[in-house]
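Colleague: Build me a model from this:
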Amino acid sequence: MKAVQIVNPHEMKVVNIDKPTVGAGEVLVKIKYVGFCGSDLNTFLGRNPMVKMPVIPGHEVGAVIEEVGEGVGPELTRGMVVTLNPYTNCGKCASCRNGRVNACEHNETLGVQRNGVMSEYAVVPATKIIPAAGMSSRDCAIIEPMSVGFHAVARAQVVDNEFVMVVGCGMVGMGAVVRASQRGASVIAVDIDDEKLALAKEIGAEHVINSKTEDVHERIQQITGGFGVDVVIEAVGSPATYVMAINEVSFTGRVTYIGYAKQEVAFQTKYFVQKELDIRGSRNALPSDFRAVIKYLQRGTCPLDRLISDIVKPEGALDAMNGWAANPGKVFRILVEM
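Modeller: Numbers count the residues shown, from 1 in each chain. All right, here's what the predicted structure looks like:
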C-alpha cells in the first residue's frame, strides 16, 4: 500500500509498504485524510529531536472502519467514520496512575516516536477509535489538533467573565479560542497574521491583536483596564511568546503553555513570585476533549473550509510541505487525501 515517508530533513517520498492485518482487539481503518501538523513540519525541517528517521508522519486522521478484529465490541462496525486517539499510555507511570493518560511519561504519538498513519490503511487498538457520527472523514482530520486547544482551556481552568489571551491562531490556538469562548470568557487572540485573526474573531474572540503591527502590552492594558489578562494560553512555542505570557498575565493569573520553545528561554523569575502565578503545561488531549470537539463541530457553525489551507495527494505532499516551510504563518492545515 502507498504511504508518505520523511526520509531525511527536507526529503519526503511516497513509498510502498505492506498492508497491515487486523488482530484480536484491533480495528483496520481505511485512511481517507491525514493532516500535516507543526510536529510534522519540525520533523521535515530536522528540528524534532523525538523523531528517528525515516518516519511515516501523520496523527490527525479522518478514516472509515474497514474491518474489526475478534473481541471488538458491537459499537464499532464496518463503514463507520472515525478519528483516532494517536497517543499511547503505559498505565504504570505517575501520570497514568493519576488518571492523566494524555501526559504518559512513555507516550508514543503516531508520526513522532513511532510511525504515523499517512498511509492507505492502518491497524490500531479498538480503544483508540473515536467515532464521529454525522461528520465527514475530511472534517475528522481537524478533531485532534482542535482537541489539544480544548484540553489547554481545561488545564487553565477557564471560567466565565475572565480575560483569556490566546497566543497563536493556528489550529491548536483556534481550538483554545473556541473552548474559552464557550466557557464565557472574553477571549483576546494574538497572532501576526490578519487573516487568522479575522477568523479567530469569527469563531469566538472578542478582541484581536496583531503582535507584528501593534503594541501587545499597550492593547492588553487598554482592554483589561490596566489589570492584565487572567489567563494566557501560549500556542506558539517561541522564546518571545513564552516571555510575553508572563509579562501580560495579571497578578495571581494563570499561564498554560502548549507549544515547545525550541531553545532556552530567559525569564524574569521575580514575576513568578511577585505575581504568585500558576504556570502549567498542557500536553495532548483526553478522550473527553475529543468528544467535546466532535460535539462542537457537529453543530455545523465552524467555518471548516477556511481552516483547511490545502488538500493534496501523497505525490503532492513534498511540494505542500516546502510551501508551508517557506511561509508558515499563512497555513492552518494541509490535508493529504490518501
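
Colleague: Report the spatially closest residue to the most centrally placed residue in the chain, excluding sequence-adjacent ones.
Modeller: For the chain, the residue lying nearest the average C-alpha position, counting by CA atoms, centre = their mean, turns out to be residue 145 (2.6 Å). Spatial nearest neighbour of residue 145, excluding adjacent residues (CB to CB, 6 or more residues apart in numbering): residue 171 at 3.9 Å. To be clear about C-beta, it is placed using only N, CA and C from the backbone, and glycine gets the same treatment.

Colleague: Residue 142 is in contact with that neighbour, correct?
Modeller: Yes - with contacts counted by CB atoms under 8 Å, residue 171 reaches residue 142, the gap being 6.9 Å.

Colleague: Settle it for me: which of those two has more neighbours?
Modeller: residue 142 (27 against 23; other CB atoms under 10 Å).

Colleague: can I see the domain layout of the protein?
Modeller: Domains of the chain are assigned by automatic domain parsing as 2-141+303-337, 148-281.

Colleague: Could you say which of those domains is packed most deeply?
Modeller: domain 148-281 (a mean of 20; mean count of other CB atoms under 10 Å).

Colleague: averaged over its residues, what pLDDT does it have?
Modeller: Averaged across domain 148-281, pLDDT comes to 97.

Colleague: ok, now stretch 65-83?
Modeller: Mean predicted confidence for stretch 65-83 is 97.

Colleague: Repeat that for stretch 105-114.
Modeller: Mean predicted lDDT for stretch 105-114 stands at 96.

Colleague: Can I get that stretch in CSV, CA atoms only?
Modeller: This file holds the C-alpha atoms of stretch 105-114, laid out as CSV (Å, rounded to 0.1, in the frame of the first residue of the first chain):
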residue,chain,number,x,y,z
GLU,A,105,5.8,9.5,30.6
HIS,A,106,6.2,6.8,28.0
ASN,A,107,3.8,8.2,25.4
GLU,A,108,4.5,7.4,21.8
THR,A,109,2.5,9.6,19.4
LEU,A,110,1.8,8.4,15.9
GLY,A,111,4.2,10.1,13.5
VAL,A,112,6.6,11.1,16.3
GLN,A,113,8.0,8.4,18.4
ARG,A,114,6.6,5.7,16.1
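
Colleague: Give me the contacts around that stretch.
Modeller: 39-40, 43, 48, 50-51, 55-59, 84, 86-90, 93-96, 116-118, 284 (CB atoms under 8 Å, 6 or more residues apart in numbering).

Colleague: what about the helices in the stretch 151-300 of the chain?
Modeller: 171-182, 194-202, 216-224, 239-248, 270-274, 287-298 (DSSP state H, counting those that start in this stretch).

Colleague: What lies in contact with the shortest one?
Modeller: Outside of helix 270-274, the residues that reach it under the criterion CB under 8 Å, 6+ apart are 246, 247, 251, 277, 279.

Colleague: mind redoing it with 7 Å?
Modeller: 246, 277, 279 (CB atoms under 7 Å, 6 or more residues apart in numbering).

Colleague: what's the answer for the first one, then?
Modeller: Contacting residues not belonging to helix 171-182 are listed as 142, 145-150, 152-153, 158, 164, 166, 187, 189, 200, 203-205, 233, 235, 258, 293, 296, 307, 332-333 [CB under 7 Å, 6+ apart].

Colleague: With that, I have no additional questions.
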